[in-house]
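[1] Sequence plus the predicted model coming up.
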Amino acid sequence: MKRARSTYLISAGLAVVLLSVGCASASQDSEAGAGNATNDTRETEAPESSSPDLSRYEGTTPAPEFPSDLDWINASRPLGWADLRGRIVVLDFWTYGCINCIHMIPVLEQLQTKYADELVVIGVHSAKFENEGSTENIRQIARRYGRNEPIVNDQEFRVWQAWGARAWPTIAIVDPRGNVVALDSGEIPFAALDGFISNVEARFDELGLIDRSPFQLLQVRKTEPESLLLFPGKVLADPEGGRLFISDSNHNRIIVTALDTGDVLEVIGSGKTDFADGGFDDAAFAKPQGLAISGETLYVADLDNHAIRQVDLERQTVRTIAGTGVRGSGRPSSGQVITHPTQLDLRSPWALELVDEDALYIAMAGTHQVWKYLISAGTLEVAIGNGRESLLNGTLAGSELAQPSGLFHVDGKLYFADSESSSIRVADLTENRVATVAGPLENTLFEFGDSDGVVGDSRLQHPLGVTGSPDGTIYITDTYNSRIKAIDPETLETQTIFGLGGQGGYRDGEASVAEFDEPGGLDYANGKLYVADSNNHAVRVIDLETGIVDTLILGRIDSIAVRPGTAESVTLFAEQQAGPGIGEIRIRLSLPEGYKLNPLIQSIYELSFDGGAVSVASALLVGPVNALSFSLPAEFASGSATVRIRFTIYYCEADQEQLCILDESEVVLPVIVQRSGVSGIEIRRRVELPELPTFGEL
């Protein structure tokens with residue numbers, strides 16, 4: 001017989017069953033919430049009937065109203081059920097560090113696409129961790145995960161308690177009359193939700209109660225300026241090759257820079273959210289995270305594609321070695337060898353670490369295990385953890401992990417950041433034992449905080465990264481505390497070394513002032529720590545000798561081809577008149593349609609003047625071009641002058657950044673300064689697309 005997860009019903013006597021046929025039980029796909037430590041994991045028989053009575057999709061219990069004083073994002077004002085009348089509403093109770101909640105995001109997106117006119121999804125963010133309760137942090141994570149639906153910050157669990165939610169994630173469905181029809185915990189497949197919602201839609205279409213007019217209360221997120229990095233997740237230092245590899249996660253690519261200078265050497269991936277092998281320009285990733293390298297072979301944990309990718313750095317090709325691109329629903333048992341890994345659906349691989357050049361260890365966050373890929377054999381197997389989400393030490397096979405998200409190996413010991421138990425643990429691969437080295441010792445997922453001390457006393461908050469230095473010190477990103485901490489492997493004492501904690505920030509400098517914002521990964525090389533400072537969209541460099549934190553400035557491109565554009569030209573403009581005093585030089589650039597400034601290489605301007613009627617501060621004579629329209633403060637004095645501005649502009653197609661076009665030009669503008677003039681001058685430069693050579697002409 002088929003098995004199914006049981007459904008928790010609010011309405012007494014309401015015979016609604018929301019089935020997840022063939023799925024794991026709720027205990028495997030959800031995390032019990034605070035004050036709800038027990039979780040009903042009973043399994044019931046799936047009904048045999050495929051033609052349910054549609055009348056039962058009418059609820060009789062009104063949905064609890066949202067408290068009026070809660071913060072909302074992605075909504076023009078706080079919502080109430082009167083605003084939602086006539087809509088089918090799906091409530092998603094989530095917390096942003098929970099991997100099972102992350103797994104529900106694409107399911108909800110599918111529902112929003114299919115039922116675009118009938119359905120409204122509302123995220124109810126009930127924070128597990130203190131850091132997750134910040135409205136601004138929820139806003140950041142909504143951007144990171146692409147969540148555009150209205151989200152209410154239920155920091156004090158008031159909505160959670162009113163609904164009787166029991167675990168993350170929990171899904172509730174409300175009919176167009178505003179009555180509750182079902183409440184279910186765990187990862188629910190699209191097919192189950194789709195089948196249920198289609199029946200609700202059909203029933204209320206019969207009654208003429210579906211409102212399909214545009215939903216007016218969504219708030220369009222303001223366009224934010226593009227940055228070269230967008231939520232970078234992990235970094236990998238390669239001192240032998242003099243390279244730094246950066247998982248530019250939300251740009252769906254890997255950036256390779258020179259380790260010392262930050263010069264961009266290569267970009268791996270088209271930047272499109274997709275699952276495709278091929279050359280660097282054509283291959284596609286989906287929020288890549290962990291990295292590992294052996295010689296000229298790079299391995300990538302392709303998180304949202306649930307796959308492991310292998311990059312040949314010499315041939316500049318990408319291929320998949322494990323995973324299908326589809327999120328799996330189960331897990332192999334310990335000892336089971338998967339001989340065809342590309343036929344197995346994986347679950348959120350988050351970090352990688354090479355051991356003895358043949359064993360690639362994988363932090364499989366979605367199954368709460370560490371797996372091992374044998375490179376020579378091309379096989380995959382579970383290495384650590386029985387798959388139950390918990391903090392339980394023991395043998396490699398019998399231990400229980402909680403969303404491992406960072407790995408580091410030294411001398412037969414594999415350290416891992418066990419994020420949902422807020423601990424750092426170590427697997428002794430020789431002695432077949434797992435132990436805790438930082439954070440709580442108890443079997444709990446709710447002992448977290450921000451305090452130094454020995455293991456058992458120290459407290460962390462959702463750490464994601466771990467690495468080590470030659471002197472044996474273990475370094476970690478204590479992610480939700482926005483700190484970098486060090487662990488003494490002998491005394492097992494944890495000490496904060498960088499970061500001011502709290503809600504995080506951004507500042508370079510000495511340890512006493514430097515700030516980070518939810519750093520995700522880090523690596524060590526040549527006396528320095530390289531940190532993926534995720535929410536600051538930057539890579540930070542910590543010099544352990546001087547104690548100084550700097551931001552890595554990504555510089556020029558060495559190995560990416562730059563096609564020359566138009567030959568350098570000089571354009572003479574008609575004379576302009578300006579008034580004396582403080583004014584500005586307004587610069588307006590325009591690019592060919594479908595093109596943008598290339599963020600991989602810095603465009604610049606250079607100013608010079610003949611005559612003393614126009615001047616600017618010396619620091620402004622040469623500067624970056626980061627936008628198509630910008631202004632420079634200037635001082636105008638009676639008389640005449642000639643303003644010369646030389647542009648070096650790199651631009652590329654809006655969806656293709658690997659190939660850029662270089663345009664060099666000079667503009668000459670005569671200026672007369674007199675009382676009747678306006679308060680400034682304007683320079684317009686239209687960049688024309690050159691006749692590009694074909695591939696054979698390059």
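    Done, it's in. Numbering: from 1, shown residues only.
[2] gap between the nearest residue to residue 631 once chain neighbours are set aside and residue 633?
    Leaving aside its sequence neighbours, residue 631 sits nearest to residue 584 (C-beta to C-beta, 6 or more residues apart in numbering; 4.5 Å). No exception for glycine: its C-beta is placed from N, CA and C like everyone else's. For residue 584, the distance to residue 633 equals 6 Å [C-beta to C-beta, to the nearest Å].
[3] more crowded one of the two?
    For residue 584 versus residue 633, neighbours defined as other C-beta atoms under 10 Å are more numerous around residue 584 (17 against 12).
[4] which SSE is the more buried one in?
    Per DSSP states H and E, residue 584 falls inside strand 581-590.
[5] Can you tell me what sits against that strand?
    Applying C-beta atoms under 8 Å, 6 or more residues apart in numbering, the contact partners of strand 581-590 are 605, 607, 614, 616, 625, 628-636, 643, 645, 647, 649, 678-687.
[6] Go through it and flag the buried ones.
    583, 584, 585, 587, 589 (16 or more other C-beta atoms under 10 Å).
[7] swap in stretch 70-86?
    For stretch 70-86, the neighbour count (16+ other C-beta under 10 Å) marks 70, 71, 72, 73, 74, 75, 78, 79, 81, 84 as buried.
[8] which non-adjacent residue is nearest the first one?
    By the measure of C-beta to C-beta, 6+ apart, the closest residue to residue 70 outside its immediate chain neighbours is residue 152, 5.2 Å from it.
[9] host element of the one you found?
    Here residue 152 sits within strand 151-153, counting by DSSP H and E.
[10] Given that strand, what are its sheet partners and their directions?
    Neighbouring strands of strand 151-153 in its sheet, by DSSP bridges, are strand 72-73 (antiparallel), strand 119-125 (parallel).
[11] Identify, out of those strands, the most deeply packed stretch.
    With neighbours taken as mean count of other C-beta atoms under 10 Å, these reach their highest mean count in strand 119-125, at a mean of 23.
[12] pLDDT of that strand, averaged?
    For strand 119-125, mean pLDDT rounds to 98.
[13] just stretch 524-532 next, same as before
    The model assigns stretch 524-532 a mean pLDDT of 98.
[14] for stretch 239-252, same thing?
    Computed over stretch 239-252, the average pLDDT equals 97.
[15] Please apply the same query to stretch 202-219.
    91.
[16] hey, what's residue 606 bridged with?
    Beta-bridge partners of residue 606, as defined by DSSP bridges: residue 622, residue 646.
[17] contacting residues around it?
    By C-beta under 8 Å, 6+ apart, residue 606 lies in contact with 621, 622, 645, 646, 648.
[18] hmm, back to that, so which of the strands paired with strand 151-153 is nearest residue 664?
    strand 72-73 (43.9 Å; C-beta to C-beta).
[19] Show me what the closest one is in contact with.
    Strand 72-73 has contacts (C-beta under 8 Å, 6+ apart) with 78, 79, 135, 138, 139, 142, 150, 151, 152, 153, 219.
[20] Any chance of CSV for those residues, columns distance to residue 519?
    Output for the contacts of strand 72-73, formatted as CSV (distance: C-beta to C-beta, whole Å):
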residue, distance to residue 519
78, 33
79, 34
135, 21
138, 18
139, 19
142, 19
150, 29
151, 24
152, 28
153, 23
219, 29
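[21] Show the buried residues in the residues you listed.
    78, 79, 135, 138, 139, 142, 150, 151, 152, 153.
[22] Phi and psi next, for residue 681.
    phi -130, psi 160 (degrees, to the nearest 10).
[23] isn't residue 591 right next to residue 651, touching?
    Yes - Residue 591 lies in contact with residue 651 (C-beta atoms under 8 Å); the separation is 5.3 Å.
[24] Those two - which one has more neighbours?
    Neighbours of residue 591 and residue 651, each counted by other C-beta under 10 Å, are more numerous for residue 651; the result is 22 against 19.
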